[in-house]
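Visitor: The amino acid sequence is not available; the structure is as follows:
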């Protein structure tokens, strides 16, 4: 009877060892899967943040372009106005400026 008890104990120990090994393997597998899932979630969050950042950038760019449009149009109109001046008008303007400088600062 003692021999049977020892064999029964040995068999129980072997089964316990197998259960422990299986548990270790499952734990390792669960850990690997959790790392994979965490990595996927991380990439999803980063991609989502990048997409949101791109949306914000484009909205800001469009807003800036919208704000700059009238300023650019006004500058272009001023440029065209100055380009359309005749040489006589420019000569008169140069003479007036030169006269004011000479009269203010003396004959230098």
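Guide: Thanks, I have the structure now. What you see is a predicted model, and the numbers here were worked out from it, not measured in a lab.
Visitor: need the helices for this structure, in chain order.
Guide: In the chain, the helices defined using DSSP state H lie at 2-83, 87-105.
Visitor: Can you lay out those as CSV showing mean pLDDT and mean neighbour count?
Guide: From N, CA and C alone the C-beta is placed, and that goes for glycine too. As requested, the helices of the chain are arranged in CSV below (pLDDT from 0 to 100; neighbours: other C-beta atoms under 10 Å):
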stretch, mean pLDDT, mean neighbour count
helix 2-83, 95, 10
helix 87-105, 81, 10
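Visitor: quick one: stretch 5-22 to chain centroid distance?
Guide: Taking C-alpha atoms, centre = their mean, to the nearest Å, one finds stretch 5-22 lying 58 Å from the centre of the chain it belongs to.
Visitor: do you know how far residue 59 is from residue 51?
Guide: Using C-beta to C-beta, to the nearest Å, one gets 13 Å for the distance from residue 59 to residue 51.
Visitor: Next: residue 66.
Guide: Counting by C-beta to C-beta - residue 66 and residue 51 are separated by 23 Å.
Visitor: With residue 79 instead?
Guide: Residue 79 is 40 Å from residue 51, by C-beta to C-beta.
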